[in-house]
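[1] Sequence below, structure please.
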Amino acid sequence: MSLSQVLRVLTLLVLGATTASVLAAPVTPCAGYQATNVLQGDSYLVADLALASNCSLYSQDIPNLRLLVEYQTETRLHVLIEDADRNVYQVQERVLPRPSNQNISSARAALRFNLVKSPFSFQVTRASTGEVLFDTSAAPLIFESQYVRLRTRLPKNANLYGLGEHSDDFRLPTTNYRRTFWNAESPFIPRGQNLYGSHPVYFDHRGGASGTHGVFLLSASGMDVVINQTESGDQYLEYNTIGGVVDLYFLAGPDPSGVSKQYAQVVGLPAMVPYWTLGFQQCKYGWPNVDHVAQVVANYSAAGIPLEVLWGDIDYMNAHEDFSVDPTNFPLPKMQALVSSLHANNQRYVVILDPGIHYRADYGTFQRGAAQNAFLKAADGSWYRGLQWAGEVVWPDWLAEGTQDWWTAEILSFFNASSGLDVDGLWTDMDEASNMCGDTACLNGSPNPPQSPPSSPGPLRGLPNRDLFHPSYRIANHRGDISASTLYTNITNADLTSQYDTHNLYGTMMASATYTSLLARRPGIRPFVLTRSTFAGTGRRAAHWFGDNASTWADYRATIRQLLAFAAMHAMPMVGSDVCGFNAAAEEHMCARWAALGAFQPFYRNHADISAPSQEFYRWPIVAASARKSIDARYRLLDYIYTTMHLAAKDGTPNVKPLWFVYQSDVNTYAIQTQWMLGDALLISPVVDDEAQSVTFYLPEDVWYDFWTWETVTGTGGSVTVDGVAWTDIPVHIKGGSILPLRVKSGNTTAEVRRENFTVVVAPGVDGNAEGVLYLDDGQSVDVGREWSEVVFTWDGGEGRFEAKGVFGFATDVVVESVVVLGGGQGPRTKMGPWGLGGSLGFSFEVIIEN
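    Residues are numbered from 1 along each chain as shown. Predicted coordinates for the structure are as follows:
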């Protein structure tokens, strides 16, 4: 055996065994590539990359590559390394449209690209400081048919965040850590494993003049991202993918919210949600019949707990078939009466849809889909089949021409307002896609023979002659092989790509198709789609909940970490967890804490499994009291929360932020993962310890105000311990310098809340000044035209002057009843109104200080 063969065997052993082994620095005989034919313009660089020597570590080398560097905007640098023949799969534009390239001059760019020709490597530096942000020189690029490796150096003790979806620490570990991207059903959201979504973007926060930058790898391929140190102590981050290209977007920041906005511009700005989706929502898998469901609604009313949205899990279906109702337990006439009753009370109804379509000859949805050629096929041309809730099923091919028309027609027919279920939104589940067949021997193997992709799929569709079941580089999918518990990865999509390459996109494509269908159902009205499986850019069409968590204090804490990643870093503002936990039995004190915590997260839904006891808030006195108090606060804050959603949809401003987004140079904030900023004004610091009635949280050096009492609290940049926190309470503080619009009263529904007037709370900062914003529109239109208001409030503490200026295009009878100025040691100081918000040109007045 030659030395190179020995080294290769050693490398395979090192990289392919245990978790600890995978994280060891690979030993390779690979020499990488040489750059030639370099052509550089004012806003771009292109070059050819030729293989220096044979590597073939896990698969066949691709000898000729092409490098493209684009200075797309002043803050965005694009680096693409693709095969010269452009056959390797790249994410379809129809799934994730690429951002526009403004071709700005490199002299104006905040980032610089530096090329080393031999062996090929590159650096990305910050123009203002010269600091190296990304450096691939420590290890050669490997680019094979089924394995791509790229490594970058990192500073020691790097502050890295993102790389979702995971349930791990918010600030990522820097030694022996691996993040796997392969969307998979993941009950109990296991730690250290791949979960339901793939978002290969990370934020690197260095603080001070170094600021924050982001790196996004636009790849749907299965991959392991390793963060570790070499034996000599050098810190690195390394991509190990089983295909695809190197398609990197570098985001300059330099402030963290700027990186969030720049990332949103790449993957697409999130969709604006309907106003009603911010209300409290209830679901349960296992409700026995429609009468029981109606009683749940009545019980919430009797308990005085506002309920905005009722959800239907798969119980409502006939034999778990999409677009059907159980004729015995959920007969259509009773279901229609339930929905009509909800709508009469300004409440909403949302139901679940699964991608698995029952393979039954007399099932109309299957018949019509087959006629439209809408399903994935096996090698022999038959429909590819597996198992989901309905039994033996087929799966939609979202890339087939007829699938969208078929899916839309089914939604229009079954959810017809007069003859079917008049739902207000749809929930796509099991869309990883989850297959109850555990492996490739599904259904004894006979219905689904092995399939080979076309010999020449075509440009960007994937290379032929690959092992699409068992690539030599084995990613750490917690389900096992990449085809385990999901669709066969050798299945060819209608556009000649394969599930091997597009697996991580399936849930996003289903959610997007559902969004399109709902828009066709009610043109001009914002659709609401909730999806379990996600990919970069899913927020353009859908909301997300964090999957099948558990009723534990550990998962209660994990939801904060997940919230911070998705809302602040993955351009998905409408997110939240199953409140009180999905799996196992919820406990009263934990559920009371979770009811309060959930009220200050964007998506707020209580949901439990069929195997879990019922956990509606009214079932425990303490939980009911906690829910009443927290929902009352949430509903008074609805327009503040709605404004944060508007800003996220407008330019990608994150609606939820970790503390270091606001206090960027305060190193004490970098690892905080149990507190969050809701918008710019509110700091949420829940009790997080098991069964505790005290909490220790961090209060940055600033002036703060207790949200519940309006008392001034001085932050010293240290920990604060609060004892005796009742089970119904959650510490919330208003940041000094903020102006907070509050509805004067809450209501039973969001429709009632929208009729209430405002109190505007001024929380002066250290300099005595404050500002805030309020956005108003009709709460439902996709295009509101000119019928919107964006009011900017300012407070000049020196002059004692309050002003409201901006755009006043939304007609409303709602007024500002009062303005309350906090602080000054004199208690609240109030100037009564009212001042109208509809059609006004703005107003200003002197605030009278009442001693």
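
[2] Show the residue spans covered by the strands in the stretch 301-450 of the chain.
    309-312, 348-353, 357-358, 385-388, 391-394, 425-428 (DSSP state E, counting those that start in this stretch).

[3] quick one: strands adjacent to the shortest one?
    To tie it back to what came earlier, the one meant is strand 357-358. According to DSSP bridges, strand 357-358 has the following sheet partners: strand 391-394 (antiparallel).

[4] Switch the strands of the stretch 301-450 of the chain over to a markdown table; also include distance to Leu251 and mean pLDDT.
    All C-beta atoms are positioned from the backbone trio N, CA, C, and that covers glycine. Shown next, in a markdown table, are the strands of the stretch 301-450 of the chain (distance: least, Cβ to Cβ, whole Å; pLDDT from 0 to 100):
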| stretch | distance to Leu251 | mean pLDDT |
| --- | --- | --- |
| strand 309-312 | 35 | 98 |
| strand 348-353 | 34 | 98 |
| strand 357-358 | 40 | 98 |
| strand 385-388 | 38 | 93 |
| strand 391-394 | 40 | 94 |
| strand 425-428 | 29 | 98 |
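
[5] wait, which of these is closest to Phe469?
    Phe469 sits nearest to strand 385-388 of all the strands of the stretch 301-450 of the chain, at 14.9 Å, using Cβ to Cβ.

[6] neighbouring contacts of stretch 101-116?
    35, 38, 42-45, 47, 67, 69-79, 122-128, 133, 137, 213, 250, 252, 254 (Cβ atoms under 8 Å, 6 or more residues apart in numbering).

[7] Outline the domain layout of this protein.
    28-267, 757-851 (automatic domain parsing).

[8] how about low-confidence regions in the stretch 1-150 of the chain?
    Applying pLDDT under 70 to the stretch 1-150 of the chain flags the ranges 1-28.

[9] Could you pull out the helices in it for me?
    3-16, 19-22 (DSSP state H, counting those that start in this stretch).

[10] wait, what's in contact with the closest residue to Tyr515 other than its chain neighbours?
    With sequence-adjacent residues excluded and distances taken as Cβ to Cβ, 6 or more residues apart in numbering, Tyr515 is closest to Arg541, at 4.0 Å. Taking Cβ under 8 Å, 6+ apart as the contact definition, Arg541 lies against 271, 508, 511-512, 515, 527, 529.

[11] Reformat those residues as JSON lines; add pLDDT and neighbour count.
    What follows is these, written out as JSON lines (pLDDT from 0 to 100; neighbours: other Cβ atoms under 10 Å):
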{"residue": "Ala271", "pLDDT": "98", "neighbour count": "23"}
{"residue": "Thr508", "pLDDT": "98", "neighbour count": "30"}
{"residue": "Ala511", "pLDDT": "98", "neighbour count": "29"}
{"residue": "Ser512", "pLDDT": "98", "neighbour count": "23"}
{"residue": "Tyr515", "pLDDT": "98", "neighbour count": "21"}
{"residue": "Pro527", "pLDDT": "98", "neighbour count": "22"}
{"residue": "Val529", "pLDDT": "99", "neighbour count": "26"}
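
[12] out of those, what pair is the most spread apart?
    Pairwise over the contacts of Arg541, using Cβ to Cβ, the maximum falls at Thr508 and Pro527, 14.8 Å.

[13] List the buried residues in stretch 754-761.
    754, 756-761 (16 or more other Cβ atoms under 10 Å).

[14] quick one, which of the strands of the stretch 301-450 of the chain is nearest to Lys735?
    strand 309-312 (30.2 Å).

[15] Tell me which strands that closest one pairs with, and in which orientation.
    strand 281-282 (parallel), strand 348-353 (parallel).
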